[in-house]
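**Q** Need coordinates for the below:
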Amino acid sequence: MNRHERRSVDRELRKLERARIKRDKLVTPKNLELLELTKQHSERKERPTPEPAPKPQPDCKSNEYLIADELIVGDGQGDVLFKEQEFRGEFHFRDSILDQLDRYWVYLERMKKHDADAYDFYKQIGATLVPYSTTQINQRLYDYEHEKMSSKELKEYKAEIELPSWFKQHRPAFGCIAVGTDPLTEQHEMNSPDGGAWWSPKFMYFIKYRQPPPELQRKYGGDIYKMTVWWDRPEDKKHMKWGRPSEFGIFISRDGEHMQVLRMLETKLIPVRSKTGHYNNGEHRRGHLFDIPQRAWRIPDDYEKWARQYGLTAQLHLSHMFCQLVQKYERSNYSMARVTVHKDDLIAVFGIDPRRTAYFFRDRDVVVHNGARERVLHFVRPHQRHDGSVVKAHFRGAREFEWAGYHVLVTIPGLDHHFLPDIDIGVSDSYWFKKGQKYVGEKEIGRALARNIQGEVSLLRAIEEMREGRQK
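**A** Next up is the predicted model:
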């Protein structure tokens, strides 16, 4: 592009970015009056005259596409800017974060009724929030069609059933994505044309087995995972009180090239009519119905019924769902900075670029040090000082602060604590434990990981204390 074309693109980009930032939901920070003191202090303090900044040079190496669309398709508020990392699970703008957090706590708290182990685990390490662009709820808010796929769509669908290379190599032990804990998904459910009977998953999570339960089909030569789809609608007091989990097993071969949805040992009641009848007022009536239990290995009928809505088999549908979850979990962990949000004893997690922490938390509570407002964690590029000394790349600034009524911790995985997706130890089902045998549950494991993330101890030390029963 020539200079005129580059300037035209830059103007359009800045316009779309401003339109997106205007949609941000801000809060009033506490201790706002302290900012006046920092201004007075900065006026009295003499500062050296800075050197003139170099003239900006056009960036001709960037290959990032300019993505413009409505923030929510059909909202009629014009186009805004989207960034590629939003489709991978990293937040670049903060417009939906606070809204998602408001609903996230509700759904996570309700999980403890019917999946206490997952609740005890993820309340301590957090499920991962992702942008609307990752779940694409902003694109399908008014789409309620259940059409069978065409041959072309089916071919593309099958091509997406592939595990990423990272997963094949590391085989992570766990992962959880919050895919529907937001007001936009709730609006999608309530406005459905079938009278609000539309259902959307709220959480999707997986765990790796070392010893799977006996009700799950045994398979050798690879790893067995359990994937859970968490369904919940708080306003539905009859059919979905406290939410419900749907679980199924997935086998993955050692080379990662073969994947199979495992059958489960299920008891199904088959209605049968009695052969003998009876007479009532001279009229012969056929025998009454009664149920015969049939125990067999099968993929549950609910999954088959769900898949038939799209013209798929349960084997194909559930395999695709597992691959999509794994990809979202992998990409959401690409973020360099991990933001941990605390509300009482509950935790939520999302990823951002550490170069944008000042933008994300510009309305955090004010804290003053040495007459100046405390800076949030940020990345310092390698540079050379005026005296010739060289400064290496590093992070500096406040890692913990209060924001919007929450306590926030910003960390750099791999630097401040262990990178959680690298943990690959499987779990055993309680069926295999002997009577009186001591074991470590998900609650204790979550506490050990949380201590490592908070910087209290190393992961190995936390595991040792957990095993010895000396965990705080």
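
**Q** distance of Asp422 from Cys176?
**A** 16 Å (Cβ to Cβ, to the nearest Å). To be clear about C-beta, it is placed using only N, CA and C from the backbone, and glycine gets the same treatment.

**Q** Local confidence estimate at the residue most central in space within the chain?
**A** The C-alpha lying nearest the average C-alpha coordinate of the chain belongs to Ile177 (Cα atoms, centre = their mean; 2.5 Å). Ile177 is assigned 97 on the pLDDT scale.

**Q** so where's the stretch 1-150 of the chain shaky on pLDDT?
**A** Along the stretch 1-150 of the chain, the parts satisfying pLDDT under 70 run over 1, 37, 39-65, 144-146.

**Q** Which stretches in it count as strands?
**A** 67-70, 79-82, 127-129 (DSSP state E, counting those that start in this stretch).

**Q** How much space separates Arg14 from Ser8?
**A** Noted for Arg14: a distance of 11 Å to Ser8, by Cβ to Cβ.

**Q** Oh, that last question was meant for Arg338, not what I typed.
**A** Arg338 sits 37 Å away from Ser8, taking Cβ to Cβ as the criterion.

**Q** Settle it for me: which of those two has more neighbours?
**A** Set Arg338 next to Ser8 and count neighbours by other Cβ atoms under 10 Å: Arg338 wins out with 25 against 12.

**Q** I figured that one hits Val410, correct?
**A** Yes - between Arg338 and Val410 there is a contact under Cβ atoms under 8 Å: 7.3 Å.

**Q** Quick check: beta-bridge partners of Gly249?
**A** Listed beta-bridge partners, Gly249: Lys226, Leu262 (assigned using DSSP bridges).

**Q** how about it, what does it touch?
**A** 209, 212, 216-217, 224-227, 261-262, 264 (Cβ atoms under 8 Å, 6 or more residues apart in numbering).

**Q** What separation do you get for it and His114?
**A** Noted for Gly249: a distance of 19 Å to His114, by Cβ to Cβ.

**Q** Ala348 contacts Gln124, doesn't it?
**A** No - if you go by Cβ under 8 Å, Ala348 and Gln124 don't touch, sitting 11.5 Å apart.

**Q** quick one: which of these two has more around it?
**A** Ala348 (24 against 21).

**Q** Mind splitting the chain into its structural domains?
**A** Domains of the chain are assigned by automatic domain parsing as 10-35+66-266+298-381+390-432, 433-472.

**Q** What residues sit buried inside the last one?
**A** Applying a neighbour-count criterion of 16 or more other Cβ atoms under 10 Å, the buried positions in domain 433-472 are 442, 444-453, 457, 459, 462-463, 465-466.

**Q** Can you report how many residues lie near Leu66?
**A** Other residues within reach of Leu66, judged by other Cβ under 10 Å, total 11.

**Q** so where do the helices sit in this protein?
**A** Ranges of helices within the chain are 3-21, 34-44, 97-110, 116-125, 132-135, 151-159, 165-170, 183-190, 301-308, 314-332, 357-360, 442-453, 459-468, based on DSSP state H.

**Q** The ones you listed: which one's closest to Leu289?
**A** helix 301-308 (18.9 Å; Cβ to Cβ).

**Q** mind listing what Glu456 touches?
**A** By Cβ under 8 Å, 6+ apart, the contact set of Glu456 is Ala462.

**Q** sorry, back to before: so between Asp422 and Cys176, which is more surrounded?
**A** The neighbour comparison of Asp422 against Cys176 (other Cβ under 10 Å) goes to Cys176, with 23 against 13.

**Q** Thought Tyr205 was touching the more buried one, still the case?
**A** Yes - Cys176 lies in contact with Tyr205 (Cβ under 8 Å); the separation is 3.6 Å.

**Q** Can you check which residues contact both of those two?
**A** Any residue near both Cys176 and Tyr205 by Cβ under 8 Å, 6+ apart counts here, and that gives 118, 122, 127.

**Q** any idea how far the first one is from Tyr329?
**A** This points to Ala118. Applying Cβ to Cβ to Ala118 and Tyr329 gives a distance of 15 Å.

**Q** Could you report the separation of Trp166 from Lys25?
**A** The gap separating Trp166 from Lys25 is 34 Å, by Cβ to Cβ.

**Q** who has more neighbours, the two?
**A** Between Trp166 and Lys25, Trp166 has the larger neighbour count (other Cβ under 10 Å), namely 17 against 13.

**Q** OK, contacts around the more buried one?
**A** 330, 421.

**Q** and with 6 Å instead?
**A** By Cβ atoms under 6 Å, 6 or more residues apart in numbering, Trp166 lies in contact with Glu330.

**Q** all numbers from here: first residue = 48
**A** With 48 as the first residue, the last one maps to Trp213.

**Q** Find the nearest non-adjacent residue to Trp450, please.
**A** Nearest residue to Trp450, sequence neighbours excluded (Cβ to Cβ, 6 or more residues apart in numbering): Arg411, at 4.2 Å.

**Q** residues near that neighbour, how many?
**A** Residues near Arg411, counting by other Cβ under 10 Å: 22.

**Q** what's the answer for Val308, then?
**A** Val308: 22 neighbours (other Cβ under 10 Å).

**Q** how much space between it and Asp142?
**A** Per Cβ to Cβ, Val308 is found 37 Å from Asp142.

**Q** Am I right that Glu489 is in contact with Tyr166?
**A** No - counting by Cβ atoms under 6 Å, Glu489 stays clear of Tyr166, with 8.9 Å between them.

**Q** What's the local residue count around Val179?
**A** Check again: residue 179 is Tyr, not Val. Tyr179 is flanked by 20 other residues according to other Cβ under 10 Å.

**Q** How about the one 10 residues further on?
**A** Tyr189 sits with 13 neighbouring residues when counted by other Cβ under 10 Å.

**Q** tell me the contacts of it?
**A** Per Cβ under 6 Å, 6+ apart, neighbours of Tyr189: Gly121.

**Q** what's it sitting at in phi/psi?
**A** Per-residue torsions, Tyr189: phi -110, psi 20 (degrees, to the nearest 10).

**Q** I'd assumed Ala66 was in contact with Phe140.
**A** No - at 10.7 Å, Phe140 does not count as touching Ala66 under the criterion of Cβ under 6 Å.

**Q** quick one, which of those two is more surrounded?
**A** More neighbours surround Phe140 than the other of Phe140 and Ala66, with 23 against 16 (other Cβ under 10 Å).

**Q** Thanks a lot, catch you later.
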